[in-house]
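# take a look and give me a structure for this.
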Amino acid sequence: VITDHYSLKWLHKIKDPVGRIARWAVRLQQYDFDIVHRAGKNHTVPDALSRAVPIIDEHQVNVIDDVVTEQIKDKWYLKQLNRVVNQPERYPLWTVENNKLFKKSKPRYPDITGTPWLQVVPKELRKGIIREHHDPPLCGHLGIFKTTARITEKFYWPKIRADVASYINRCTICLATKPEQKRPLGNMLSAQPTADRPWKLVSLDLMGPLPRTRSGYVYILSVMDCFSKFALFFPLRSATS
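All right, here's what the predicted structure looks like:
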C-alpha cells in the first residue's frame, strides 16, 4: 500500500494496541501487505481521484443553427420578422441578425448593467427548448416558475409560461414522482375573534370514545383558554349534553 499518510506506517509498529486501534490491527492481520510512504507531491494520481468532481452548473442550449436550418412555418414569427426588417423605427426593442429575430429584455436584477437580447423562438422549436431546460439531469425537472425563469434568460416567445406549464403538467416523470400541488384550503379559524384577556375566548374539544376506565369514563373534555393557553381536562362517561 503506497500512501501519503505517513502516520499509517505507525500502525504496523505499535506495541500492545488497545481499543479501536487494536481492532484495526486484528482485522488487518489477515492481509499480507506493507505500507510505503510517498509524499503528496509525488502521489498525484490517487490524489486527483480523491478530489471532488467539478460540477457543470450550466446547461448549454443553442437554437441559432436550428433556426437557420429549420423550415419556419410560424406565421407570427415570420410576420414579426418582416415588420422589424421593414419598419425598424417602430420596433426599437426588436432586431434581426442573420435572418434571426431578437427581442431586448429588461434586466432581471437592478444592479446588473446592460440589457440582454433574447432570441425569439418560432413555434416549431419551442417544445425542444422547454425539453432541454426541464428534462436533462442538470435541469432536475424543476417546476413551472423555475423552468420559465431559466428559459427566459436566453429566449423569448409569447405566452411562454403557459407553454411551460402545459409541458410540465404532461411530464410523465413529474407526474410519477412529484406530489400534486394544490392551493391551501384555508384556515378554519381565520374568522375567529382574537382574545385580548384571559377567559375571553375558550375552545372546547371532546376526545373519545376511549377504553373504558374502572369508573366508567370513556371521554375526555378539554377546555383551553385561548389567551393564556391554560387547559383543563374533565373525564366524561357519555358525550351527551
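# list the contacts for residue 2?
Counting by CB atoms under 8 Å, 6 or more residues apart in numbering, residue 2 makes contact with 36, 37, 38, 43. For glycine as for every other residue, the C-beta is placed from the backbone atoms N, C-alpha and C.
# filter those residues down to just the ones in strands.
The strands, defined by DSSP state E, take in 36, 37 from those.
# tell me where the chain is predicted with low confidence.
In the predicted model, the chain carries pLDDT under 70 at residues 52-70, 107-115, 185-192, 241.
# and residue 96, backbone torsions?
phi -130, psi 130 (degrees, to the nearest 10).
# tell me which element the spatially most central residue of the chain is part of?
With distances taken as CA atoms, centre = their mean, residue 142 lies nearest the centre of the chain, 6.3 Å away. For residue 142, there is no host helix or strand (DSSP states H and E).
# tell me the residue furthest from the middle of the chain?
Distance from the centre of the chain peaks at residue 215, with 55.2 Å (CA atoms, centre = their mean).
# which ones are touching that residue?
235, 237.
# how close does it get to residue 233?
15 Å (CB to CB, to the nearest Å).
# quick one: contacts for the residue nearest to the centre of the chain?
Residue 142 touches 134, 150, counting by CB under 8 Å, 6+ apart.
# for the longest helix along the chain, name the packing helices and strands.
For the chain, the longest helix by residue count, based on DSSP state H, is helix 75-86. Applying 3 or more CB pairs under 8 Å, 6 or more residues apart in numbering; DSSP states H and E, we find helix 75-86 packed against strand 94-97, strand 100-104.
# got the domain boundaries for the protein?
What the TED database lists as the domains of the chain is 2-51, 69-177, 202-236.
# can you point out the buried residues in the last one?
I take that to be domain 202-236. Under the neighbour-count criterion of 16 or more other CB atoms under 10 Å, domain 202-236 has 217, 218, 224, 225, 226, 236 buried.
# mind checking which of those land in strands?
Within the buried residues of domain 202-236, residues falling in strands by DSSP E are 224, 225, 236.
# got these as CSV, with distance to residue 146 columns?
Output for these, formatted as CSV (distance: CB to CB, whole Å):
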residue, distance to residue 146
224, 42
225, 45
236, 53
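# re the thing from before, which one of the domains of the chain lies closest to residue 194?
Proximity of the domains of the chain to residue 194 was assessed by CB to CB; the nearest stretch is domain 202-236, lying at 8.4 Å.
# can you give me the end-to-end distance of the closest one?
In domain 202-236, first residue to last residue: 19 Å (CA to CA, to the nearest Å).
# go on, stretch 80-91?
Note: stretch 80-91 ends 10 Å apart using CA to CA.
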